[in-house]
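Novice: need a structure here:
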Amino acid sequence: MNMLSKQEYVDFVKEKSPKSPMWRSMLAAFFVGGLICCVGEGVSDLLKLIFPAMTEEDVATWTTVVMIFAGSFLTAIGVYDKLGHFAGGGSIIPITGFANSVVSPAVEYNREGVFFGVCAKMFVIAGPIIVFGIVASVIVGIIGLFL
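Specialist: All right, here's what the predicted structure looks like:
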């Protein structure tokens, strides 16, 4: 049996591994992420135009609601997954990406019923993020309290 040295193995893996289209991936992530942010700003501007009496806080709240709905809806009809495949990290903008991480498992396990499918699996991906976010905020709050 022919044994490879560590360096020969590394060279072999580099040679056989598919080349990642890094520049295309970075550009797609940048433009799609920017487009999602522009859509959010457009929703905000549209709300200000349609409802001029709204406070900035109300506009921000309703913009968040609209963007979560849009991310959830696009996930449910299968568009957001295609967008994620194309844009990679650009599709995980916090609001729409979080909506996708909640709705995606719910849609996948829908065939198992409402309780054991949708409700039980809804937070499979987002649950740990929520837990660690809350724990981190408590730790930072306690540190801030003593400083």
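
Novice: please name every helix or strand in contact with the helix or strand of the chain with the lowest mean pLDDT.
Specialist: The helix or strand of the chain with the lowest confidence, counting by mean pLDDT, DSSP states H and E, is helix 120-121 at a mean of 78. Helices and strands touching helix 120-121, as assessed by 3 or more C-beta pairs under 8 Å, 6 or more residues apart in numbering; DSSP states H and E, comprise helix 94-108. For every residue, glycine as well, the C-beta is placed using N, CA and C.

Novice: per-residue pLDDT, the most centrally placed residue in the chain?
Specialist: Computing the C-alpha centroid of the chain and ranking residues by C-alpha atoms, centre = their mean puts Gly97 first, at 2.2 Å. The predicted local distance difference test score for Gly97 is 84.

Novice: what's the answer for the one 10 residues further on, then?
Specialist: Confidence at Val107, expressed as pLDDT, is 80.

Novice: which residue packs closest to it, ignoring adjacent ones?
Specialist: Residue nearest to Val107 in three dimensions, not counting chain neighbours: Ala76, with 5.7 Å by C-beta to C-beta, 6 or more residues apart in numbering.

Novice: measure the one you found to Ala70 for me?
Specialist: Distance check for Ala76 against Ala70: by C-beta to C-beta, to the nearest Å, it reads 11 Å.

Novice: these two: which is more packed in?
Specialist: For Ala76 and Ala70, the more surrounded residue by other C-beta atoms under 10 Å is Ala70, and the numbers stand at 18 against 15.
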